[in-house]
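J.: generate a structure from the sequence data that follows.
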Amino acid sequence: MTIALQQGVTESLTCHRICEETITHCLHTGGAHSDPDHIRLLMDCADVCRVASDFMVRGSAFHAAMCALCADICETCAIACERFHDDAQMVSCAQACRRCATACRQMADAKAP
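T.: Purely as a prediction, here's the structure:
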């Protein structure tokens, strides 16, 4: 496994975990945090990160396409979470999404392992 692949898998799994934690945080916090569209985006991000990780690990011929989609969703999620700049959990989520987007963009440009 290459270093870039290891980083892609690690960042994807980290983002998956943080998005899942953030969903719980948002539902507990309520208000704008628990807007259905925002929760759905966090769920989409968590799921696509897990799937992208799986595609990378097994060397799927479709990993580049999945990683490109993952990067797009992560970037959208980061922007949404950054709206709550005074909330440490939301900032952490946005940062994880940005790191994952960067790693997945690199994998999207690479050949299957």
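J.: surely Ala68 is in contact with Ala101?
T.: No - using Cβ atoms under 8 Å, Ala68 makes no contact with Ala101, being 10.2 Å away. C-beta coordinates here come from the backbone N, C-alpha and C atoms, glycine included.
J.: pLDDT weak spots in the chain?
T.: Residues of the chain that meet the criterion pLDDT under 70 lie in 111-113.
J.: for the biggest helix by length in the chain, buried residues please.
T.: The residue-count maximum for a helix in the chain (DSSP state H) belongs to helix 3-29. Going by neighbour count (16 or more other Cβ atoms under 10 Å), the buried part of helix 3-29 is 5, 7-9, 11-16, 18-23, 25-26.
J.: check stretch 45-53 too.
T.: Going by 16+ other Cβ under 10 Å, stretch 45-53 has these buried residues: 45-46, 48-53.
J.: so who does the residue of the chain positioned farthest from its centre touch?
T.: The C-alpha centroid of the chain is most remote from Gly31, which lies 22.9 Å away (Cα atoms, centre = their mean). Contacts for Gly31 were tallied using Cβ atoms under 8 Å, 6 or more residues apart in numbering; there are none.
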